[in-house]
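**Q** generate a structure from the sequence data that follows.
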Amino acid sequence: MLVVHGWRARWSLLLGLPILVALTACGHTTRDYEEYHRIISSGTFSARDIPSEETTFSESELLQKGYVSIGVIDIVSEKQPDLNGIKRDAARKGADLIKAEISSQQGHQLTKTCMDMLSQSNDMTGGGGNNFAECEKYSTEKAAVNLSIVKGSLWRRDQQ
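**A** Residues are numbered from 1 along each chain as shown. Predicted coordinates:
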């Protein structure tokens, strides 16, 4: 609670917004990886009512058993894979089975943060005369990130 002229006033998030913008504007993170979650089917198939099952059969064994490949699984994430969620997504794409391999890989991110945010420079272009925060000293932090990689395929019983 903030008291203004004897009145109670609630702290507004809007009052802190300029400070928040200034703080986020002075930091920058770059990554040598991209996170994505792709479960793609090669056509339009009716969704399955139950989650797909995971199989360990080889592709040739699946073909002999009457299954056809209908799509791919391609996921890179900092989070551990949710295999149950992948199975549900695959069923929505029409897959009866999934064949998936889970591995890990290390990625890196570089975070650059301004250390002297209060320094300013005057920008007189266009007659504006505005003051803009300018950073002269940065702190750089390099961090390793463990990535989960899921590669696989979607399989559906051939209805021919």
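
**Q** for the rest of this, base every contact and every neighbour count on C-alpha atoms.
**A** Noted.

**Q** which non-adjacent residue is nearest residue 31?
**A** residue 109 (4.3 Å; Cα to Cα, 6 or more residues apart in numbering).

**Q** and that neighbour, what element?
**A** strand 97-114 (DSSP states H and E).

**Q** same thing with residue 37?
**A** Assessed by DSSP H and E, residue 37 sits inside strand 36-41.

**Q** and the residue nearest to residue 31, how far is that from residue 28?
**A** 10 Å (Cα to Cα, to the nearest Å).

**Q** name the residue in these two with the higher neighbour count.
**A** Taking neighbours as other Cα atoms under 10 Å, residue 109 and residue 28 compare with residue 109 leading, 15 against 12.

**Q** quick one, grab the pLDDT at that one.
**A** The per-residue pLDDT reported for residue 109 equals 93.

**Q** now it: how far from residue 35?
**A** Distance check for residue 109 against residue 35: by Cα to Cα, it reads 12 Å.

**Q** ok, residue 48 next?
**A** Note on residue 48: its distance to residue 35, by Cα to Cα, is 27 Å.

**Q** now residue 97
**A** Residue 97 is 25 Å from residue 35, by Cα to Cα.

**Q** name every strand pairing with the longest strand seen in the chain and say which way it goes.
**A** Once the chain is assigned using DSSP state E, the strand that runs over the most residues is strand 138-157. Applying DSSP bridges to the sheet, strand 138-157 is found paired with strand 67-77 (antiparallel), strand 97-114 (antiparallel).

**Q** which one, of the ones you listed, ends up nearest to residue 87?
**A** strand 97-114 (7.2 Å; Cα to Cα).

**Q** return the residues in contact with residue 89.
**A** Under the criterion of Cα atoms under 8 Å, 6 or more residues apart in numbering, the neighbours of residue 89 are 39, 51.

**Q** ok, now residue 113?
**A** 26, 27, 28, 138, 139, 140.

**Q** any idea how far residue 30 is from the nearest residue to the second one once chain neighbours are set aside?
**A** By the measure of Cα to Cα, 6+ apart, the closest residue to residue 27 outside its immediate chain neighbours is residue 113, 4.3 Å from it. In this view, residue 113 and residue 30 are 12 Å apart by Cα to Cα.
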